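A.B. asks: what's the 3D shape of this:
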Amino acid sequence: MELNKKWIESRVNRVKDPVQKVMLREILSELFVELYEYNNACYHSLEEKIKKEKNDFFHFYDVYTAVCRIEDFDPTNPYWFAVAENEVKREEHHLERIFLECDFDCILEFMNQTYTAKVVMEKETKTIRIGFSYVKEYMDKIQWLYDQFEKNKVKWHTINGAFLYKFLEIVDLDGVIPVATPIKKIEVNFGKLGKYVHTDRMLVWNLEEDLFQTEGIKVAGEMVIQYEHFIPFTEQEDGYLFVLEEDSFFLIREEQGIIVKTEQKAYEEIKGLHFVQYDSRKDGLRLCYPPQTNGKDKMLFNPFQNTIEAKIMTLGEIRRVLGQYQAFTEQELRLEKIDVKQLKEIKEWKAINFEKTDAFDKKEIIDLDCNPFIQMHQLWNREKVFLFHFTQNGENKTFITKDIIAFLISEIQLDLLGYQCVGVLE
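C.D. replies: The predicted structure follows:
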């Protein structure tokens, strides 16, 4: 309104005749201001109508991940929950969980080497060979989460695994440490890589598993009897998935809560996954690094884009899609170009570590698949690969940059099913 007054005065001041000034001010004040307010009201009404018709429910299911020290974790924190148990659930040959504060190539170096470790137990000490693998408990949890998205008929978005793939398990390659035997200490000389190893870190995210008390009301469906269960919102901007014994259920989101419709039976309590909307201003947990998310910036066009089934993925469109992701902008990444390469070329370049290939001098290929449980490779062209060339502001490069690129490539891969997508950081 203040701008309107300034605009009116700027026009009135151009008139020198006092009588005309008064007349002009009255005309502009009565006509223009009302027209301006009416126009704004119509625009706001149209915007609200669009939001209701194409509401962007996808941001309700944004997943945030972070790393904290085990001793700092607070189970009462309203935003962060443990992805898995703090202590490793000892499986056969798995000894301990570690966190590596290094980049993608360093992780590969760890996983491709074997070390000698001294394992101290209550009654004896053994020297064994050890290797590394990704944490199975974490990998299984992500696949289980994907299954719940599928059952709830909610579109899946790749988890930003920037920290997920920094956790490794120490594996007993000799298979001589009994699963039931408590381990007091593991001594390993990692050499120059030892400075990256942490044993006191844990992975947390904004997903809370909870039980919701409800009462199933029998209603008539189109062909069968159904049961409606009303789950009130804790927060309206939060997302919810539900874990049921049956697969034939669906969700209806309303203003005050979610209706879960089932066909087999009525439930007195339903296990649910609560996606808590993270608010850094209210978070009291001491995190080791800034949290990462698979979320996008909230833009008016995003809801329409999310509903498009067949997308024309031109270079400009792919740049627009990548630019929506918070991780892309925070890392100051830029997609320079996309090449189509022969698969055998990629394999050869990887095999020789790019040392003899001038075209890939100082370039690093990132082909980490963040959705290994989705069987997309059967649809790929078996001879050609899409190669995405990324650049980054050098000052902003961190140990998770390549993992962010892997996440972005895995998201794009969901829309480009015909070709394998691979990233290159130049």
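
A.B. asks: can you pull the contacts of Asn294?
C.D. replies: Asn294 makes contacts with Asp62, Val63, His157, Thr158, Ile159, Asn160, Tyr325, Ala327, Phe407, Glu411, as judged by Cβ atoms under 8 Å, 6 or more residues apart in numbering. Where C-beta positions appear, they are placed from N, C-alpha and C, glycine not excepted.

A.B. asks: ok, now how distant is it from Asp367?
C.D. replies: 19 Å (Cβ to Cβ, to the nearest Å).

A.B. asks: surely Ala162 and Phe407 touch.
C.D. replies: Yes - Ala162 lies in contact with Phe407 (Cβ atoms under 8 Å); the separation is 6.8 Å.

A.B. asks: next secondary structure after the helix or strand of the chain with the lowest mean pLDDT?
C.D. replies: Ranking every helix and strand in the chain by mean pLDDT, DSSP states H and E puts helix 302-307 at the bottom, with a mean of 57. Next helix or strand after helix 302-307 toward the C-terminus (DSSP states H and E): helix 315-323.

A.B. asks: can you pull the buried residues of the helix or strand following that next one?
C.D. replies: Note on helix 315-323: by DSSP H and E, the next helix or strand toward the C-terminus is helix 326-330. By 16 or more other Cβ atoms under 10 Å, the buried positions in helix 326-330 come out as Ala327, Phe328.

A.B. asks: try stretch 108-122
C.D. replies: For stretch 108-122, by 16+ other Cβ under 10 Å, it's Phe110, Tyr115, Ala117, Val119.

A.B. asks: would you mind giving those as TSV with pLDDT, distance to Ile225 and secondary structure added?
C.D. replies: Output for the buried residues of stretch 108-122, formatted as TSV (pLDDT from 0 to 100; distance: Cβ to Cβ, whole Å; DSSP: H, G, I helix; E, B strand; the rest coil):
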residue	pLDDT	distance to Ile225	secondary structure
Phe110	82	56	helix
Tyr115	84	61	strand
Ala117	84	60	strand
Val119	82	59	strand
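
A.B. asks: can you show me the CA trace of stretch 262-270 as PDB?
C.D. replies: The C-alpha coordinates for stretch 262-270 follow below in PDB (Å, rounded to 0.1, in the frame of the first residue of the first chain):
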ATOM      1  CA  THR A 262      -8.400 -50.900   3.900                       C
ATOM      2  CA  GLU A 263     -10.300 -53.900   2.500                       C
ATOM      3  CA  GLN A 264      -9.300 -56.900   4.600                       C
ATOM      4  CA  LYS A 265     -10.100 -55.800   8.100                       C
ATOM      5  CA  ALA A 266     -10.400 -52.900  10.600                       C
ATOM      6  CA  TYR A 267      -7.300 -52.000  12.600                       C
ATOM      7  CA  GLU A 268      -7.200 -50.700  16.200                       C
ATOM      8  CA  GLU A 269      -3.700 -49.400  15.700                       C
ATOM      9  CA  ILE A 270      -1.600 -48.800  12.600                       C
END
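
A.B. asks: for that stretch, buried residues please.
C.D. replies: Thr262, Tyr267, Ile270.

A.B. asks: ok, now stretch 194-203?
C.D. replies: Buried, per 16+ other Cβ under 10 Å, within stretch 194-203: Tyr196, Arg201, Met202, Leu203.

A.B. asks: pull the distance from that stretch to the chain's centre.
C.D. replies: 22 Å (Cα atoms, centre = their mean, to the nearest Å).

A.B. asks: which other residues reach that stretch?
C.D. replies: For stretch 194-203, contacts defined as Cβ under 8 Å, 6+ apart pick out 65-71, 73, 82-84, 86, 96-102, 106, 138, 163-164, 167, 190, 288.

A.B. asks: narrow those to those in helices?
C.D. replies: Counted as lying in helices by DSSP state H, out of those, are Cys106, Tyr138.

A.B. asks: which of the contacts of stretch 194-203 count as buried?
C.D. replies: The neighbour-count test (16+ other Cβ under 10 Å) applied to the contacts of stretch 194-203 identifies 65-68, 73, 83-84, 96-102, 106, 138, 163-164, 167, 288 as buried.

A.B. asks: I'd like to know which elements the helix or strand that contains Val219 is packed against.
C.D. replies: Using DSSP H and E, Val219 maps to strand 217-220. Judged by 3 or more Cβ pairs under 8 Å, 6 or more residues apart in numbering; DSSP states H and E, strand 217-220 is in contact with strand 225-232.

A.B. asks: gap between Asp72 and Asn39?
C.D. replies: The value you get for Asp72 to Asn39, if Cβ to Cβ is used, is 53 Å.

A.B. asks: neighbour count winner among these two?
C.D. replies: More crowded of Asp72 and Asn39, by other Cβ atoms under 10 Å: Asp72, with 14 against 10.

A.B. asks: which non-adjacent residue is nearest that one?
C.D. replies: Arg286 (4.8 Å; Cβ to Cβ, 6 or more residues apart in numbering).

A.B. asks: the one you found belongs to a strand?
C.D. replies: No - Arg286: not assigned to a strand; according to DSSP: H, G, I helix; E, B strand; the rest coil it is coil.

A.B. asks: make residue 1 into 57 and carry on from there
C.D. replies: Understood, numbering begins at 57; the last thing we discussed is Arg342.

A.B. asks: that one against Glu127, yeah?
C.D. replies: No - counting by Cβ under 8 Å, Glu127 is not a contact partner of Arg342; they are 9.9 Å apart.

A.B. asks: which residue, other than its chain neighbours, is closest to Lys240?
C.D. replies: Nearest non-adjacent residue to Lys240, counting by Cβ to Cβ, 6+ apart: Val176, 4.7 Å away.
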